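**Q** Would you be able to build a 3D model of this:
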Amino acid sequence: MLHTKIVDSEKEKILTSNAEKFIKDSKFGASIYFLGTVRNINDNRTVIGITYDSHDKMVIKSFEEIYNEVDQKLNIKDKAVFIEHAKGHLKLGEISIIIAVACKHRDQAYLLSRYIIEEIKKRSPIWKKEHYENEDSEWLKGNPISNEKI
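**A** Sure thing, here's the model as predicted:
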């Protein structure tokens, strides 16, 4: 079971209640919720917000690929995964990403959640621009997209 979405922050917000409804199932004994939020400091600079941009179709494709490869790489076949990432401007404390997973056992859930966030950070074409208190802003360096993913 997989749900993926890019959430336009000008129209809606990422809601943990949506994730909870999606992954809730009595066959699963463990659920993990990972929330990435906008923090106020990065590299000793005071951050007041972040703007996210993405190649939406490629992001969704990367989320699906990550989900599909879990069977072979982690041997977790029975699972529910909910992934949403924000696009647009976010203020301090707002949710930029939610990853909710449900599995039969807690060790699977922890492993799956960690694997997904690490792979998203490496592979998904999502860029962020930090906005600082002095009115400066800067696009942060990301990972290059492999030609084989395009």
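**Q** does residue 114 sit in a helix, a strand or a coil?
**A** Taken by DSSP: H, G, I helix; E, B strand; the rest coil, the conformation at residue 114 corresponds to helix.
**Q** center of the chain - which residue?
**A** In the chain, the residue lying closest to the centroid (CA atoms, centre = their mean) is residue 97, at 3.9 Å.
**Q** Kindly provide the distance from it to residue 22.
**A** In this view, residue 97 and residue 22 are 15 Å apart by CB to CB, to the nearest Å. Bear in mind the C-beta positions are built from the backbone N, C-alpha and C, glycine included.
**Q** same question, residue 77
**A** Taking CB to CB, one finds residue 77 at 18 Å from residue 22.
**Q** neighbour count winner among the two?
**A** residue 22 (17 against 11; other CB atoms under 10 Å).
**Q** Surely the more buried one is in a helix?
**A** Yes - applying three-state DSSP, one finds residue 22 inside a helix.
**Q** which non-adjacent residue is nearest it?
**A** Distances taken as CB to CB, 6 or more residues apart in numbering put residue 82 closest to residue 22, at 4.6 Å, once the chain neighbours are dropped.
**Q** any idea where the helices of this protein begin and end?
**A** 16-23, 56-74, 106-123 (DSSP state H).
**Q** In TSV, list these along with distance to residue 45.
**A** Shown next, in TSV, are those (distance: least, CB to CB, whole Å):
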stretch	distance to residue 45
helix 16-23	29
helix 56-74	26
helix 106-123	20
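**Q** nearest to residue 48, of those?
**A** helix 106-123 (22.8 Å; CB to CB).
**Q** Residues contacting the closest one, please?
**A** Applying CB atoms under 8 Å, 6 or more residues apart in numbering, the contact partners of helix 106-123 are 29-32, 34, 36, 62-63, 65-67, 70, 73-74, 76, 79, 81, 83, 85, 97, 99, 101-103, 126, 143, 146, 149.
**Q** Now with 6 Å, please.
**A** 30, 32, 34, 62, 66, 74, 76, 99, 101, 103, 143 (CB atoms under 6 Å, 6 or more residues apart in numbering).
**Q** Least confident of those?
**A** Minimum pLDDT across the contacts of helix 106-123 is recorded for residue 143, with 62.
**Q** For the residue of the chain most remote from its centre, give me phi and psi.
**A** Here the chain reaches farthest from its C-alpha mean at residue 134, the gap being 28.3 Å by CA atoms, centre = their mean. Backbone torsions of residue 134, given as degrees, to the nearest 10, read phi -90, psi 10.
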